[in-house]
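1. Have a look at this prediction, sequence included:
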Amino acid sequence: MNHETYRHDGEHHHCHDEDGKDRDEHSATLGRVTVVRKSCAMTTLTDSAPRCVVEALRGERHSRPKADTTSGAGLRAILEDGIYEVLGADQLAQPLVVRASSLRNIAPTSDIALSPLSRVRGILVNHILRLLSIGAEVSSPFDDALEAWRLEVGTSELVDYIERLDGDDRARLSTDVTAHSITLMRSLGSVPSRWLPRSAVRATQHLSAGRVQLRDLVDLMVGTTSSDLANVALVDVTTSPLGEGAERSMRYHALVQTLRTSVVPLRTSAFSTATGEMWSLDVDSELLMRSANEVLSTIEHLWSQR
């Protein structure tokens, strides 16, 4: 694992709207909601932590590599060949669908993160991220996020689930969402509009004549693919502690973005509102190839379960 993790245990600071002063450091820990045991033995700690997530996203302009516009075609060919080795010429009634969660949860799990309360918490915190990314003021995280969610989806099974909660459970959910949102609000910083922030960016890539679909959802994306330099940064926000599954998801986001645009992104990151920890990886050919192999392994697993 070649990501770096940065800690900042002192007082939170407001982040500056800056591009030229962006730091090369890749991760920040700015606070903690719940106490967890760190499981990443190869994490590197450094004293020179950026003060917020935004400062860690794109690094200094002079250190960015040239935009890679050629690797995407090779990765697609590798995936096509690998899929044929697994599926042969068989026709499928329904396509095999791969998501970031497919890579996180390759084996069956009873993870508490899959419970309805945890799913609702994650959705609401991500709506706070979407509000913050457009500069909206958040005064009551739970109520503001719930209202934004209702406006987006109207009614749904999970929205109805919240409505059915009794007073105590709803209060606990509100407290939990607020705690995670405060960590996010303190840590994110102001996202400059010139960075072209986009939230909840969906993508679908069809492979093997549609027999396989790679589906993805990136919580926050900044930068443009039209620059001569690598420019796009991807951010995944989770309410769970970061682990190996989060790193696989980071690589997957970068792979799908490369296939979608034919331009390799600069950096892919994950931020945990449970721990205030941020991981970030510079995207290169080794990372993308590793993700392609992980996708092929996941397809083989999904195929064996049919």
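-> Structure received.

2. what sits against Val295?
-> 79, 98, 103, 214, 252, 255 (CB atoms under 8 Å, 6 or more residues apart in numbering). In short, each C-beta sits where N, CA and C put it, glycine included.

3. isn't the third one right up against Ile299?
-> No - because the distance of 10.7 Å does not satisfy CB atoms under 8 Å, Leu103 is recorded as not touching Ile299.

4. Is Ala203 bridged to anything, and to what?
-> Asp216 (DSSP bridges).

5. and the gap between the residue nearest to Tyr252 when sequence neighbours are not counted and Asp168?
-> Spatially, and ignoring its direct neighbours in sequence, Tyr252 is nearest to Ala100 (5.0 Å; CB to CB, 6 or more residues apart in numbering). Note on Ala100: its distance to Asp168, by CB to CB, to the nearest Å, is 33 Å.

6. and the two? which has more neighbours close in?
-> Ala100 (22 against 8; other CB atoms under 10 Å).

7. Do you know the pLDDT at Cys52?
-> Listed pLDDT for Cys52 reads 82.

8. circling back to that earlier point, comparing Leu103 and Ile299, which residue is more hemmed in?
-> Between Leu103 and Ile299, counted using other CB under 10 Å, Ile299 has the larger neighbour count: 25 against 21.

9. buried set for stretch 146-159?
-> Going by neighbour count (16 or more other CB atoms under 10 Å), the buried part of stretch 146-159 is 146, 148-149, 159.

10. quick one: contacts of that stretch?
-> Contacts for stretch 146-159 (CB under 8 Å, 6+ apart): 116, 119-120, 123-124, 127, 130-131, 162.

11. let's see 10 Å
-> 116-117, 119-120, 123-124, 126-128, 130-131, 136, 138, 140, 162-163, 173-174, 177, 200 (CB atoms under 10 Å, 6 or more residues apart in numbering).

12. Just to be careful, could you list which of those residues are in helices?
-> Mapping the contacts of stretch 146-159 onto helices (DSSP state H) picks out 116-117, 119-120, 123-124, 126-128, 130-131, 162-163, 173-174, 177.

13. and these, which two are the farthest apart?
-> Greatest spacing in those, by CB to CB: Pro116 and Leu131 (22.8 Å).

14. Between those two, tell me which one has more neighbours.
-> Leu131 (20 against 12).

15. any idea how far Val159 is from the nearest residue to Arg260 once chain neighbours are set aside?
-> The shortest distance from Arg260 to any non-neighbouring residue, by CB to CB, 6+ apart, is to Ala203 (4.8 Å). Plainly put, Ala203 is 25 Å away from Val159 if you go by CB to CB.

16. Just give me the neighbour total for the residue nearest to Arg260.
-> Using other CB under 10 Å, Ala203 is surrounded by 15 other residues.

17. before we move on, what about Val177?
-> A count of nearby residues for Val177, using other CB under 10 Å, gives 25.

18. ok, it - contacts?
-> 120-125, 127-128, 141-143, 145-146, 239, 273.

19. Against Gly276, how distant is it?
-> Going from Val177 to Gly276 by CB to CB gives 16 Å.

20. Alpha carbons of the helix or strand in which Ile299 is found, in PDB - could you do that?
-> Element membership of Ile299 [criterion: DSSP states H and E] is helix 285-304. These are the backbone C-alpha positions of helix 285-304, laid out as PDB (Å, rounded to 0.1, in the frame of the first residue of the first chain):
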ATOM      1  CA  SER A 285      -0.300   2.600 -14.700                       C
ATOM      2  CA  GLU A 286       0.500   0.300 -11.800                       C
ATOM      3  CA  LEU A 287      -2.600   1.400  -9.800                       C
ATOM      4  CA  LEU A 288      -4.800   1.100 -12.800                       C
ATOM      5  CA  MET A 289      -3.500  -2.400 -13.800                       C
ATOM      6  CA  ARG A 290      -4.000  -3.500 -10.200                       C
ATOM      7  CA  SER A 291      -7.600  -2.400 -10.300                       C
ATOM      8  CA  ALA A 292      -8.200  -4.100 -13.700                       C
ATOM      9  CA  ASN A 293      -7.000  -7.400 -12.200                       C
ATOM     10  CA  GLU A 294      -9.300  -6.800  -9.100                       C
ATOM     11  CA  VAL A 295     -12.200  -6.200 -11.500                       C
ATOM     12  CA  LEU A 296     -11.400  -9.400 -13.400                       C
ATOM     13  CA  SER A 297     -11.200 -11.400 -10.100                       C
ATOM     14  CA  THR A 298     -14.500 -10.000  -9.100                       C
ATOM     15  CA  ILE A 299     -16.100 -10.900 -12.400                       C
ATOM     16  CA  GLU A 300     -14.800 -14.400 -12.000                       C
ATOM     17  CA  HIS A 301     -16.300 -14.600  -8.500                       C
ATOM     18  CA  LEU A 302     -19.700 -13.200  -9.700                       C
ATOM     19  CA  TRP A 303     -19.700 -15.700 -12.500                       C
ATOM     20  CA  SER A 304     -19.000 -18.600 -10.200                       C
END
